[in-house]
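*Asks:* no sequence on this one, just coordinates:
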């Protein structure tokens, strides 16, 4: 998912780098060091790779090279542009800086500076890092990124953000964290530390989130919590299922709790409360429509008709199914052994 400068500067024993054109070729000595310089419309070719720049310099004794001004490196399936590229042959290090952009058939990567260390097979990207998937527009940004080619692991620090979009290009999901790790060629993203996931009417938080791109699933662990309009959901672990990058379903396991406003016109006055060891939520247009509660299921919900408070229902059983309309409870069904199910109605106090 991130730039591999080694692919652009890899030595090829069967292909030599040859000069195609330069307006001026000169050699000069500065502080006892011999410098060879090419100026004006400089172009090199190595096999199918083409390198263009305004100025190319070579420090002969140190085996150091510099490509300066409108640097462009093109090969089948990928290209790199930058203001400057420095090549340190002895150290096996390359540095591209100044409006660096690399484009492949899968994504584009930009930053202020990219450093590739051949010995460690590692790439460092610094300053306004931005990676965009050309397939679906998924965008990852941050201040610093490291890519380990051998393990195909990318890590992003300094306010990393992951943006997801629907099929028409509208932003649907934003993930914010202290650190993000990209695995399996971009198929999996792990967000760690102060994680916050934002959608149109949904905000989720936890200490770790695992996003599976192809499955469109997000697993939340470490005090997961989801706030959806007038409802809050929490539990030991939580999974979000997306459809076209929008929330369609959620599962909560272990100490599941859902709290919602009974009367959206009078928030804070009455609250519905549902608990169990397992809950599943179904959403339509990101609005909750149904909740299934299983294993030690309990519900406390308030009945309000035409703006008038009618009382409180308390239910418990093996399974409780709750239907919602416009964010409010429309029906509650208890499914359980008759000896286990319990129900109690409490009218309003006079």
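*Replies:* Yep, that arrived. Note that the structure is a prediction, hence the values are computed from the model and not measured.

*Asks:* ok, the one residue sitting closest to the centre of the chain to residue 302 distance?
*Replies:* The chain has residue 162 as the residue nearest its centroid, 3.1 Å off, counting by C-alpha atoms, centre = their mean. Separation of residue 162 from residue 302 (C-beta to C-beta, to the nearest Å): 39 Å. (Each C-beta comes from the backbone N, C-alpha and C, glycine too.)

*Asks:* Residue 348 now?
*Replies:* Distance, residue 348 to residue 302, by C-beta to C-beta: 9 Å.

*Asks:* okay, and the common contacts of those two?
*Replies:* Common contacts of residue 348 and residue 302 (C-beta atoms under 8 Å, 6 or more residues apart in numbering): 309, 311.

*Asks:* picking up where we left off before, mind listing what the residue nearest to the centre of the chain touches?
*Replies:* Residue 162 sits next to 138, 139, 140, 173, 174, 175, 180, 189, 191, 211 when contact means C-beta under 8 Å, 6+ apart.

*Asks:* For the nearest residue to residue 117 once chain neighbours are set aside, give me its contacts.
*Replies:* Closest residue to residue 117 apart from its sequence neighbours, by C-beta to C-beta, 6 or more residues apart in numbering: residue 93 at 5.6 Å. Taking C-beta under 8 Å, 6+ apart, we find residue 93 in contact with 87, 115, 116, 117, 118.

*Asks:* Farthest-apart pair in the residues you listed, please.
*Replies:* 87 and 117 (12.6 Å; C-beta to C-beta).

*Asks:* Which one of these two is surrounded by more residues?
*Replies:* Per other C-beta atoms under 10 Å, whichever of residue 87 and residue 117 has more neighbours is residue 87, with 19 against 16.

*Asks:* Just confirm that one contacts residue 65, I think it does.
*Replies:* Yes. Assessed by C-beta atoms under 8 Å, residue 87 is found in contact with residue 65 at 4.2 Å.

*Asks:* Residue 65 versus the residue nearest to residue 117, what's the distance?
*Replies:* Residue 93 is 11 Å from residue 65, by C-beta to C-beta.

*Asks:* What residue spans form the domains of this protein?
*Replies:* Structural domains assigned to the chain are 1-133+141-148, 214-350, following automatic domain parsing.

*Asks:* Report the distance from the first one to the chain centre.
*Replies:* By that I understand domain 1-133+141-148. Using C-alpha atoms, centre = their mean, to the nearest Å, the mean C-alpha position of domain 1-133+141-148 is found 28 Å from that of the whole chain.

*Asks:* model confidence over that domain, on average?
*Replies:* Mean pLDDT, domain 1-133+141-148: 85.

*Asks:* Tell me which stretches of the stretch 51-200 of the chain form strands.
*Replies:* If DSSP state E, counting those that start in this stretch is used as the criterion, the strands of the stretch 51-200 of the chain fall at 64-75, 78-88, 93-104, 107-117, 122-133, 139-148, 153-157, 161-165, 171-176, 179-183, 188-198.

*Asks:* Any buried residues in the next helix or strand after the last one, and which?
*Replies:* Scanning forward in sequence from strand 188-198 by DSSP states H and E, the next helix or strand is strand 202-212. When neighbours are counted by 16 or more other C-beta atoms under 10 Å, the buried residues of strand 202-212 are found to be 202, 204, 205, 206, 207, 208, 209, 210, 211.

*Asks:* How about stretch 98-111?
*Replies:* Per 16+ other C-beta under 10 Å, stretch 98-111 contains these buried residues: 100, 101, 102, 103, 104, 107, 108, 109, 110, 111.
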